[in-house]
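Engineer: my questions concern the predicted model and sequence given below.
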Amino acid sequence: MHQIVIPAFDEEARLPRTLRELRRHVVRSRALLGPVEVIVVDNASTDATARVAAEADSDALPVRVVACATRGKGAAVRAGLLATTAPTVSFMDADGATRLDALDRALRLLADGGVDVVVGSRAIAGAETEARHSRVRDRGARAYRACAARIVPGIADTQCGFKVLRGDLARAIAAELESPGFAFDVELLARALAHGARLHELPVWWVDVPGSTFDPVRHGVDSFAELARIAWRARRGGFAPVVVPLPARPLAPVPPVAATLGLPTRPAVGLELPLRSEG
């Protein structure tokens, strides 16, 4: 079984289409994916997000709604990951920006056993993007990536909303996460590396879907501040990266099975720290 976490804040307009496309993909790829459950995390929405998610529940694709009262994408993903039980889990954005064939390729990499975390990337060779970002947002993204690289070296794009993890590792990391906002991906990857996890950056097809609640100015400033707090906690708490990520694999419709690298693996266990909403 595989479980997919979708954080959702006021996504009643975009979420139904994403769930329909996901259901069609799961049916087409049933032989590879096996049973799949979606966990939609209603992140204190003010619209009908929870209702439209519940209405999408079906035998072909079970959909479960989990409530998260703490605002922030990081808080929502954390709640969703802690609600999982499957041996492999993933999270993706409610807008369905990442083409779903990435899920098939990522699960093949995990099944090989040489990779623990697959990181969707828009910033490496083979990635295809259709973006309508402003010049300010593009410059901000480049600056953010440069800062994130100091915490998670070797990963070109920490912020793509598509990641696939070993389930036990995902739940251990989620129990430790402290970042409630958009910068949580950086902390998640840094903690994964500290657990000895092997990361693989996977090029994806990605389109900028209209209707995002991300505000480049307000959320951008908050994300940089949160990134600074993550760096401080990494130095204080010792979850700085200890393993060099695997090199990116060229994009292919059906990628070859990943070669086993023989790297030592440590069990994914950690202290359970309460999530704090930081101002």
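Structural biologist: Thanks, I have it.
Engineer: the helix or strand hosting R236: which residues count as buried?
Structural biologist: If you go by DSSP states H and E, R236 is part of helix 218-237. Buried residues in helix 218-237, counted by 16 or more other Cβ atoms under 10 Å: H219, G220, D222, S223, E226, L227, R229, I230, A231, R233, A234. Using the backbone N, CA and C atoms, a C-beta is placed for each residue, glycine as well.
Engineer: next: stretch 73-87.
Structural biologist: 73-84, 86.
Engineer: same question for stretch 148-155.
Structural biologist: Within stretch 148-155, judged by 16+ other Cβ under 10 Å, the buried ones are A148, I151, V152, G154, I155.
Engineer: confirm H200 sits in a strand?
Structural biologist: Yes. Judged by DSSP: H, G, I helix; E, B strand; the rest coil, H200 forms part of a strand.
Engineer: what's the spacing between it and H25?
Structural biologist: 21 Å (Cβ to Cβ, to the nearest Å).
Engineer: if we can go back for a sec, lowest-confidence entry in the buried residues of helix 218-237?
Structural biologist: Note: of the buried residues of helix 218-237, the lowest pLDDT belongs to H219, at 57.
Engineer: give the contact list for the residue nearest the centre of the chain.
Structural biologist: With distances taken as Cα atoms, centre = their mean, K163 lies nearest the centre of the chain, 3.8 Å away. Taking Cβ atoms under 8 Å, 6 or more residues apart in numbering as the criterion, K163 is in contact with S90, F91, V117, V118, V119, G120, D185, L188.
Engineer: again, only using 7 Å
Structural biologist: S90, F91, V117, V118, V119, G120 (Cβ atoms under 7 Å, 6 or more residues apart in numbering).
Engineer: run a quick neighbour tally on the residue nearest to the fourth one when sequence neighbours are not counted.
Structural biologist: Nearest residue to V118 in three dimensions, chain neighbours excluded: A106, at 3.9 Å (Cβ to Cβ, 6 or more residues apart in numbering). Neighbour count for A106, taken as other Cβ atoms under 10 Å: 25.
Engineer: against G167, how distant is A106?
Structural biologist: For A106, the distance to G167 - Cβ to Cβ - is 13 Å.
Engineer: V41 and E226: what is the separation?
Structural biologist: Distance from V41 to E226, counting by Cβ to Cβ: 19 Å.
Engineer: sorry, that was for R142
Structural biologist: For R142 relative to E226 (Cβ to Cβ), the value is 18 Å.
Engineer: what packs against the helix holding R236?
Structural biologist: helix 135-148, helix 184-194 (3 or more Cβ pairs under 7 Å, 6 or more residues apart in numbering; DSSP states H and E).
Engineer: compare those helices and give me the one nearest P62.
Structural biologist: Proximity of those to P62 was assessed by Cβ to Cβ; the nearest stretch is helix 184-194, lying at 25.1 Å.
Engineer: so which elements touch the closest one?
Structural biologist: Counting by 3+ Cβ pairs under 7 Å, 6+ apart, helix 184-194 packs on helix 73-82, helix 167-176, strand 199-203, helix 218-237.
Engineer: output the below-cut-off pLDDT ranges for the protein.
Structural biologist: Where the chain drops to pLDDT under 70, the residues are 132-137, 211-220, 237-238, 240-279.
Engineer: ok, 80 please
Structural biologist: Residues of the chain meeting the criterion pLDDT under 80: 131-141, 210-224, 233-279.
Engineer: A194 touches R233, doesn't it?
Structural biologist: No. The pair A194 / R233 is not scored as a contact, 11.4 Å apart, by Cβ atoms under 7 Å.
Engineer: quick one: the strands in this structure?
Structural biologist: Remark: strands assigned in the chain by DSSP state E are 2-8, 36-42, 63-67, 88-91, 117-121, 128-130, 163-166, 199-203, 205-207.
Engineer: so which of those strands gets nearest A53?
Structural biologist: The nearest among the strands of the chain, by Cβ to Cβ, is strand 36-42 at 3.9 Å.
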